[in-house]
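*Asks:* what's the 3D shape of this:
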Amino acid sequence: MPAIALSQPQRPTAITQARDSAQLMKAVVRDTYGGPEVLALREVERPAIKADQVLVQVVAAAVCADDWHLMRGLPYAARLESGLFRPKRKTLGLDLAGRVVAVGAKVTRFSPGDEVFGWSTGAYAEFAAVPERALMPKPANLTLEEAAAVPISAFTALQALRDRGEVRPGQRVLINGASGGVGAFAVQIAKALGAEVTGVASTRNLDLVRSLGADHVIDYTREDFTRGAVRYDVIIDLAQSHSLADCRRALTPRGTLVLVGSANTRELEGRQRWFKGTDRWLKAIFLSLFTRQRLRPLVHQDRLEDLAYLKDLIERGQLRPIIERTYPLAEVADAIRRTETSGVRGKMVITI
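*Replies:* Numbers count the residues shown, from 1 in each chain. This is a model prediction of the structure:
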């Protein structure tokens, strides 16, 4: 009886290996909620784009507070959307800038090779599938690394000042937390809106805040702005370092206090882990019913028209991002760990 030859599994050819490799990319992922230690750099499948999406080769991505909230799954209430026990989405990163590689069938505003900036999910990766409505051409006077630092922090600053604060030319505006990622943009946008701006920061950051255009600076290690003689038309409270009563004392009788976020260290403790700073927000809304002062929380929105507005400010020389440091993709965990602490000057940017 003739022997039966057993077929041997075929080795992948060089062409097959190259094809498989072309569909993979490096990305920062996590399988569970936790601190920066849950993040890992892995090879994953390159995202496929839908008809209304653009495939962007990411050159840079910026770190923002939303990243570490998503990483830790805080506040717990947000897990109703992001996943109760494990994150539904393994990738992180929201702000990005890069070059268009491919476009979907319905995309009309971009072509391969265009340099763009905007926001998406999964920006800590070599490639990202981004909706066309979340991208703009990169400002001509910024590098891609600088452009990546703009979107979400600048959205927050713009909407706090223009939409919630309703800042008008000539008003006195105080930015509490003026040297951070949002604060550095807020100082510049307030000046662009015609305000007289006071920036509150630590001693080492006073010169930076002045360089951004602040008319006055206050060193919070030496002076408490809520105890001073000056009253402000609008206070943008980024640091959340004073009570509502103290902040109201620094407002004019019809002034506006805009509450943005809450202090990082408190978000990891007690009831803050459940609802972030919403109890303070609810108290502010309630108090507004009984006073002529307006106490307004802010939840920012990602809007293309606001990105266009910011791009125009940048190209007119009225707005520039501040980058404290850049990190390679493999060190995203270190960048987020640094951002979780206080004292970051401007933004941390990941280069890819």
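
*Asks:* Give the buried residues for stretch 181-197.
*Replies:* 181-193, 195-197 (16 or more other C-beta atoms under 10 Å). Quick note: C-beta positions are derived from backbone N, CA and C, even for glycine.

*Asks:* if you average pLDDT over that stretch, what comes out?
*Replies:* In this model, stretch 181-197 has a mean pLDDT of 98.

*Asks:* same deal with stretch 148-163?
*Replies:* For stretch 148-163, the per-residue pLDDT averages 97.

*Asks:* Which positions in that stretch come out as buried?
*Replies:* The neighbour-count check on stretch 148-163 (16+ other C-beta under 10 Å) flags 148-162 as buried.

*Asks:* so how far is S111 from the closest residue to K347 other than its chain neighbours?
*Replies:* Distance criterion C-beta to C-beta, 6 or more residues apart in numbering; nearest residue to K347, sequence neighbours excluded, is A149 at 4.0 Å. To S111, A149 is 25 Å away according to C-beta to C-beta, to the nearest Å.

*Asks:* all helices for the protein, in order.
*Replies:* 14-22, 65-72, 79-82, 144-148, 151-158, 181-192, 206-211, 244-249, 272-275, 278-288, 304-315, 332-340 (DSSP state H).

*Asks:* okay, and for the stretch 251-352 of the chain, where does confidence drop off?
*Replies:* The stretch 251-352 of the chain contains residues with pLDDT under 70 at 262-278, 342.

*Asks:* ok, 50 please
*Replies:* Applying pLDDT under 50 to the stretch 251-352 of the chain flags residues 263-266.

*Asks:* which two of the buried residues of stretch 181-197 lie the greatest distance from each other?
*Replies:* Maximum pairwise distance in the buried residues of stretch 181-197, criterion C-beta to C-beta, is 23.2 Å, between G181 and E196.

*Asks:* Surely the residue nearest to K347 touches V344?
*Replies:* No. A149 is beyond contact range of V344, at 11.7 Å (criterion: C-beta atoms under 8 Å).

*Asks:* Give me the distance between the closest residue to A65 other than its chain neighbours and G228.
*Replies:* Excluding its sequence neighbours, the residue lying closest to A65 (C-beta to C-beta, 6+ apart) is G261, at 6.4 Å. Taking C-beta to C-beta as the measure, G261 falls 24 Å from G228.

*Asks:* who has more neighbours, these two?
*Replies:* Counting neighbours by other C-beta atoms under 10 Å for G261 and for G228 shows that G261 has the greater number, 22 against 14.

*Asks:* Report the contact partners of the more buried one.
*Replies:* Contacts for G261 were tallied using C-beta atoms under 8 Å, 6 or more residues apart in numbering; they are 65, 182, 238, 240, 277.

*Asks:* and the second one, how far is that from T156?
*Replies:* It refers to V182. Note on V182: its distance to T156, by C-beta to C-beta, is 5 Å.

*Asks:* How about the first one?
*Replies:* Counting by C-beta to C-beta, the gap between A65 and T156 amounts to 9 Å.

*Asks:* A134 reaches R303, doesn't it?
*Replies:* No. Counting by C-beta under 8 Å, A134 does not reach R303; the two are 9.6 Å apart.

*Asks:* more crowded one of those two?
*Replies:* Counted by other C-beta under 10 Å, A134 and R303 do not tie: A134 has more neighbours, with 22 against 14.

*Asks:* what's around the closest residue to the more buried one other than its chain neighbours, how many residues?
*Replies:* Residue nearest to A134 in three dimensions, not counting chain neighbours: G118, with 4.5 Å by C-beta to C-beta, 6+ apart. Using other C-beta under 10 Å, G118 has 29 other residues around it.

*Asks:* Looks like G118 contacts A128 (just checking).
*Replies:* No. Using C-beta under 8 Å, G118 makes no contact with A128, being 9.7 Å away.

*Asks:* List the contacts of the nearest residue to M136 once chain neighbours are set aside.
*Replies:* Distances taken as C-beta to C-beta, 6+ apart place L307 nearest to M136, at 5.0 Å, with adjacent residues excluded. Applying C-beta under 8 Å, 6+ apart, we find L307 in contact with 117-118, 136, 150-151, 155.

*Asks:* 10 Å instead?
*Replies:* Residues near L307 by C-beta atoms under 10 Å, 6 or more residues apart in numbering: 117-119, 133-136, 150-151, 154-155, 158.

*Asks:* try I218
*Replies:* 174-176, 178, 198-201, 206, 209, 224-225, 228, 230.

*Asks:* who wins for neighbours among those?
*Replies:* The most crowded member of these, judged by other C-beta under 10 Å, is I175 (35 neighbours).

*Asks:* Which strand residues bridge that one?
*Replies:* Counting by DSSP bridges, I175 is bridged to G199, I236.

*Asks:* Rebuild the contacts of L307 as a markdown table, extending it with distance to R89.
*Replies:* Putting those into a markdown table (distance: C-beta to C-beta, whole Å) gives the following:
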| residue | distance to R89 |
| --- | --- |
| F117 | 21 |
| G118 | 18 |
| W119 | 15 |
| R133 | 19 |
| A134 | 16 |
| L135 | 20 |
| M136 | 24 |
| V150 | 23 |
| P151 | 18 |
| A154 | 24 |
| F155 | 21 |
| L158 | 27 |
